[in-house]
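Participant: Sharing a model that was predicted from the sequence below.
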Amino acid sequence: MAREPERKLEDRTFRCLDEDFLFTGKMEYVGHEIQVPGGGTRIEWRPNQSRANCPNEPTHSIELVEE
(Lines give C-alpha, C1' and ligand atoms only; values in the text may rest on other atoms or scores of the structure.)
Protein backbone atom coordinates (compact mmCIF):
# COMPACT_ATOMS: atom_id res chain seq x y z
CA MET A 1 0.00 0.00 0.00
CA ALA A 2 1.43 3.37 -1.02
CA ARG A 3 1.85 5.98 1.65
CA GLU A 4 0.43 9.49 1.45
CA PRO A 5 2.98 11.93 -0.08
CA GLU A 6 4.54 14.55 2.18
CA ARG A 7 3.01 18.03 2.00
CA LYS A 8 4.13 21.46 3.18
CA LEU A 9 2.79 25.00 3.08
CA GLU A 10 4.99 27.99 2.29
CA ASP A 11 4.36 31.73 2.20
CA ARG A 12 4.55 32.94 -1.41
CA THR A 13 3.76 36.13 -3.31
CA PHE A 14 0.64 36.22 -5.48
CA ARG A 15 -0.75 38.82 -7.88
CA CYS A 16 -4.42 39.73 -8.09
CA LEU A 17 -5.06 39.87 -11.85
CA ASP A 18 -8.25 41.90 -11.54
CA GLU A 19 -6.75 44.71 -9.44
CA ASP A 20 -3.03 44.22 -10.29
CA PHE A 21 -1.48 44.22 -6.81
CA LEU A 22 0.76 41.82 -4.89
CA PHE A 23 -0.07 40.03 -1.65
CA THR A 24 1.24 37.14 0.44
CA GLY A 25 -0.57 33.83 0.68
CA LYS A 26 0.03 30.12 1.26
CA MET A 27 1.04 27.65 -1.47
CA GLU A 28 0.85 23.90 -0.90
CA TYR A 29 3.70 21.70 -2.12
CA VAL A 30 3.71 17.91 -2.47
CA GLY A 31 6.92 15.91 -2.04
CA HIS A 32 7.75 13.30 -4.67
CA GLU A 33 10.45 10.71 -4.01
CA ILE A 34 13.01 10.76 -6.83
CA GLN A 35 15.61 8.04 -7.43
CA VAL A 36 19.14 9.42 -7.75
CA PRO A 37 22.18 7.74 -9.29
CA GLY A 38 23.95 5.55 -6.77
CA GLY A 39 20.77 4.05 -5.33
CA GLY A 40 19.58 6.88 -3.10
CA THR A 41 16.41 8.93 -3.09
CA ARG A 42 15.60 12.59 -2.54
CA ILE A 43 12.41 14.59 -2.18
CA GLU A 44 11.44 16.93 -5.02
CA TRP A 45 8.86 19.53 -3.98
CA ARG A 46 6.26 20.38 -6.63
CA PRO A 47 3.51 23.01 -6.37
CA ASN A 48 0.10 21.44 -5.80
CA GLN A 49 -2.49 24.13 -5.18
CA SER A 50 -2.84 27.63 -3.86
CA ARG A 51 -4.35 28.18 -0.43
CA ALA A 52 -4.70 31.90 -1.14
CA ASN A 53 -7.51 34.20 -2.24
CA CYS A 54 -7.44 37.86 -3.17
CA PRO A 55 -7.82 39.74 0.15
CA ASN A 56 -10.13 42.33 -1.45
CA GLU A 57 -12.45 39.91 -3.29
CA PRO A 58 -12.11 36.09 -3.02
CA THR A 59 -13.57 35.55 -6.51
CA HIS A 60 -10.80 37.51 -8.28
CA SER A 61 -8.27 35.58 -10.34
CA ILE A 62 -4.77 35.27 -8.90
CA GLU A 63 -1.40 33.96 -10.09
CA LEU A 64 1.76 32.88 -8.32
CA VAL A 65 4.64 35.34 -8.78
CA GLU A 66 7.86 33.52 -9.64
CA GLU A 67 10.60 34.49 -7.21
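Facilitator: Done, it's in. Residues are numbered from 1 along each chain as shown.
Participant: any idea how far the residue located most distally from the centre of the chain lies from residue 22?
Facilitator: Distance from the C-alpha centroid of the chain peaks at residue 38, with 29.6 Å (C-alpha atoms, centre = their mean). The spacing between residue 38 and residue 22, counted by C-beta to C-beta, to the nearest Å, is 42 Å. Just so you know, the C-beta spots here come from the backbone N, C-alpha and C atoms, and that holds for glycine as well.
Participant: now residue 50: how far from residue 64?
Facilitator: Taking C-beta to C-beta, one finds residue 50 at 7 Å from residue 64.
Participant: any common contacting residues for those two?
Facilitator: In terms of C-beta atoms under 8 Å, 6 or more residues apart in numbering, residue 50 and residue 64 are both contacted by the residues 14, 27.
Participant: On the three-state scheme, residue 66 is what?
Facilitator: coil (DSSP: H, G, I helix; E, B strand; the rest coil).
Participant: heads up, I number from 425, so please use that
Facilitator: Renumbered: residue one is now 425, and that last one reads residue 490.
Participant: Per-residue pLDDT of it, please?
Facilitator: What the model reports as pLDDT for residue 490 is 79.
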